[in-house]
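Visitor: Generate coordinates for the sequence data below:
(chains A, B, C and D)
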Protein chains: 2
Amino acid sequence: MTRFEPLPFEPGYRRVAAAIAARILDRSLREGDPLPAETELAEQFAVNRSTVREALRELESADLVARRRGSKRMVITRPASERMAGRFGQSLALNDVTVREVWRTLELIEPSLAAEAARAADEQAITRLQAAVDHFGADHADAAAAVAGVADFFRAVAAATGNRVVALTQEPLLLLLLAGLEIMIDQAPQARRRIATAQQHICAAIRTHDADTARDWMSRHIRDFRRGFEVSGIDLDSPVAAPR
Amino acid sequence: MTRFEPLPFEPGYRRVAAAIAARILDRSLREGDPLPAETELAEQFAVNRSTVREALRELESADLVARRRGSKRMVITRPASERMAGRFGQSLALNDVTVREVWRTLELIEPSLAAEAARAADEQAITRLQAAVDHFGADHADAAAAVAGVADFFRAVAAATGNRVVALTQEPLLLLLLAGLEIMIDQAPQARRRIATAQQHICAAIRTHDADTARDWMSRHIRDFRRGFEVSGIDLDSPVAAPR
DNA sequence: CAAGTCTGATTGTCCGACAATCATACTATC
DNA sequence: GATAGTATGATTGTCGGACAATCAGACTTG
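Guide: Alright, predicted model coming up:
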């Protein structure tokens, strides 16, 4: 028996959005370029302004266009990867990804990442990294501040690779880890000290461009997080909390 | 001098969208739940239907609501992480990330990932992996088909880890790599054969749960991609093409 | 029970409207 | 000449109403 595909029907607002998005993605519309006014877009596409507006909301949500603060004109923007990383993390959480999966993924990639940082770190990156370590060393009463400190450290390590893709790939995982960490860090009393120790070793290894040591200590560091989770009674197979 | 923050002003369509999104993120609206009709939402929020529609387009674009095919009613959905991964990759590309950065990141994480696959792969995963390898082995005249085959292979490896986070973390990188690969694979005539060989070795190592060999061959495999890029005259420091 | 018919609800799109705000040019003031 | 005030037109956010196309469900008929 012959099977037929369902007839594709795209409503106008989506076709308009797709048409504009295509022009942005192929870069014939570039960042900062102002978008024509809604009435003019409506004329050009030969649709009603309402339809154009719905399309614009779609693009706005995809972060392909935005309005300068306190301005009316929309301009083309390149979607901030940090924001997309956040959304990506959020979607992972909503799909009931478990703490174990996140943790295990970090265990797989972070050591390589630390090793790369040791190879590539320049003076400035090391300074930033050291600052993050020092800042964490000063003890934080506040769990939220401590968690932010952990995030800072990981971001500084990733930044030391000089590779934006590395840093951004890590970002969603970090967001998911941190949500659980905020619970854990107060339950496991030695957590702060153990984290600080690991950070110092990793930082020292990166400073001396000792990739292997950086890898080892990062490996240990991540493994330690699992212990922390277990000690504080978090079920590794429970879904992670959605960030923010 | 005292500084003032700009007065926050949120248009109605955004506040409506945020209100609905919040109910989805805290899971008081759950997947599959039907959304009230537009007119009813307009009544409840005490705004015009046009305003509601703009809010819906925003949610639709964030993949928090969707329409069942051939149906009118909107239902709550959990954002498909695959789609978010695509958006994430897109945003990386629009931020002028270079081929080198993507490639280097893959070089850092894929070997660990292959090793994990070798540890965790079950019978079913191996079957799927073998199928991907066999399918690629049958030569593809079409560059697009060959590229799809490469993607299939990497996805099968990631799936073999049994860890969704691993698979999804890899996804944006894969999309960015593939865009360049489609150019490369026709320029470098031995590319197909070299890829096939590497796939076979990796697959065999995973099948025998030989993590070290899997890691090594994957490492070689990724390094080979760089050679392919160089041979085919792609500048590693040029920005990657935006996927799709 | 399957196929046809009817009816109301809902969506996609359009039109027209208006207040609030923004961009800009022009004018007055010191 | 720089600054503050004023006038003008363009643009956005929101509203109300409208209508054809389609969907969901009830009802009828064979």
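Visitor: From the chain's centroid, how far away is the longest helix along chain A?
Guide: When chain A is parsed with DSSP state H, its longest helix is helix A:164-187. Chain-centre distance of helix A:164-187: 9 Å, with C-alpha atoms, centre = their mean, to the nearest Å.
Visitor: what does chain A have sitting close to DNA strand D?
Guide: Chain A has residues A:37-40, A:49-50, A:53, A:67, A:72-74 near DNA strand D, with proximity defined as C-beta under 7 Å from any atom of the strand. Heads up, the C-betas are built off the backbone N, CA and C, glycines and all.
Visitor: ok, back up a step: near chain B at all, the longest helix of chain A?
Guide: Yes. Using C-beta under 8 Å from any C-beta of the partner chain, helix A:164-187 comes into contact with chain B via A:164-166, A:168-169, A:172-173, A:176.
Visitor: quick one: which of those residues has the most company?
Guide: Among the residues of helix A:164-187 next to chain B, residue A:172 has the most neighbours (other C-beta atoms under 10 Å in any protein chain shown), with 30 neighbours.
Visitor: Return the per-residue confidence for the closest residue in space to residue A:167 that isn't next to it in sequence.
Guide: With sequence-adjacent residues excluded and distances taken as C-beta to C-beta, 6 or more residues apart in numbering or on different chains, residue A:167 is closest to residue A:158, at 3.9 Å. Looking at residue A:158, its pLDDT reads 96.
Visitor: export the residues of helix A:164-187 next to chain B to a markdown table and tack on pLDDT?
Guide: Formatted as a markdown table, these follow (pLDDT from 0 to 100):
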| residue | pLDDT |
| --- | --- |
| A:164 | 94 |
| A:165 | 95 |
| A:166 | 95 |
| A:168 | 94 |
| A:169 | 95 |
| A:172 | 94 |
| A:173 | 94 |
| A:176 | 91 |
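Visitor: of those residues, closest to residue B:17?
Guide: residue A:172 (22.3 Å; C-beta to C-beta).
Visitor: Packing partners of the helix or strand containing residue A:197?
Guide: In this structure, residue A:197 is located in helix A:191-207 according to DSSP states H and E. If you count contacts as 3 or more C-beta pairs under 8 Å, 6 or more residues apart in numbering or on different chains; DSSP states H and E, helix A:191-207 packs onto helix A:99-120, helix A:123-137, helix A:143-160, helix A:164-187, helix A:211-231.
Visitor: a markdown table please, covering these and showing distance to residue B:120.
Guide: Formatted as a markdown table, the helices and strands packed on helix A:191-207 follow (distance: least, C-beta to C-beta, whole Å):
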| stretch | distance to residue B:120 |
| --- | --- |
| helix A:99-120 | 9 |
| helix A:123-137 | 33 |
| helix A:143-160 | 25 |
| helix A:164-187 | 18 |
| helix A:211-231 | 16 |
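Visitor: close enough to count as contact, residue A:115 and residue A:210?
Guide: No. Assessed by C-beta atoms under 8 Å, residue A:115 is found out of contact with residue A:210, at 9.2 Å.
Visitor: Between these two, which is the more surrounded one?
Guide: With neighbours defined as other C-beta under 10 Å, residue A:115 and residue A:210 compare such that residue A:115 has more, 23 against 16.
Visitor: check contacts around the more buried one.
Guide: Listed by C-beta atoms under 8 Å, 6 or more residues apart in numbering or on different chains, the contact set of residue A:115 reads A:211-212, A:214-215, A:218.
Visitor: 6 Å instead?
Guide: Shown in contact with residue A:115 (C-beta atoms under 6 Å, 6 or more residues apart in numbering or on different chains): A:211, A:214-215.
Visitor: same check, this time on residue A:185
Guide: Residue A:185 touches A:143, A:146, A:191, counting by C-beta under 6 Å, 6+ apart.
Visitor: mind redoing it with 7 Å?
Guide: Shown in contact with residue A:185 (C-beta atoms under 7 Å, 6 or more residues apart in numbering or on different chains): A:143, A:146-147, A:191-192.
Visitor: Identify the residue spatially nearest to the residue in chain A that DNA strand C sits nearest to, adjacent ones excluded.
Guide: DNA strand C sits closest to residue A:12 of chain A, with a gap of 2.8 Å, by C-beta to the nearest atom of the strand. Excluding the flanking residues, the one nearest residue A:12 by C-beta to C-beta, 6+ apart is residue A:51, at 4.9 Å.
Visitor: how many other residues sit next to the one you found?
Guide: 21.
Visitor: next one: the one 5 residues further on
Guide: A count of nearby residues for residue A:56, using other C-beta under 10 Å, gives 24.
Visitor: which one of the contacts of residue A:115 has the most neighbours?
Guide: Busiest of the contacts of residue A:115 [other C-beta under 10 Å] is residue A:214, holding 30 neighbours.
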